[in-house]
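Engineer: kindly generate the corresponding structure for this input.
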Amino acid sequence: MQRDLAKTEKVETSAKADKQLGEYLRRKREALSLTQSEVAQKLGYGSPQFISNIERGISNVPVKSLRVLIDLYQISADEVIHILLEDKKRALLRQLGLLQNSNPQESTEQETQV
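Structural biologist: A predicted model of the protein is given here:
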């Protein structure tokens, strides 16, 4: 039996990436003058609470929902992927001992040099 991965799988992210992605999605929704209720309805949710949770970084976005949001908000998948990969990149650089500063500006400069 083949399962539909897009319906069940979630994008695995850190809490920080969830928050960054949520803030990005909120800005895009607001730029289109859409309400959380309207978005929830388009995603098939009965309540806007799930959208609120995504935008606050509390809930992880299911892949199926993320795909719909990319189309609905007219955003590039590359933008979304960039947000998610930047967090993974910083985590890996820290693990490798290549990112040592806590200053975000200096961290960004170090990351671009790697």
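Engineer: all helices for this structure, in order.
Structural biologist: For the chain, the helices defined by DSSP state H occupy 5-8, 15-31, 36-43, 49-55, 63-72, 77-95, 104-113.
Engineer: any weak-confidence spans in the chain?
Structural biologist: Counting by pLDDT under 70, the chain contains low-confidence residues at 1-11, 101-114.
Engineer: apart from its chain neighbours, what residue comes closest to the residue nearest the centre of it?
Structural biologist: Central residue of the chain (C-alpha atoms, centre = their mean): L21, 2.9 Å from the mean position. In space, and not counting its chain neighbours, L21 is closest to I83: 5.2 Å by C-beta to C-beta, 6 or more residues apart in numbering. In this view, the C-beta of every residue, glycine as well, is placed from N, C-alpha and C.
Engineer: give me the buried positions along stretch 89-105.
Structural biologist: By 16 or more other C-beta atoms under 10 Å, the buried positions in stretch 89-105 come out as R90, L93, L99.
Engineer: dump the residue contacts of the residue nearest to the centre of the chain.
Structural biologist: By C-beta atoms under 8 Å, 6 or more residues apart in numbering, the contact set of L21 is T13, I54, G57, V61, V80, I83, L84.
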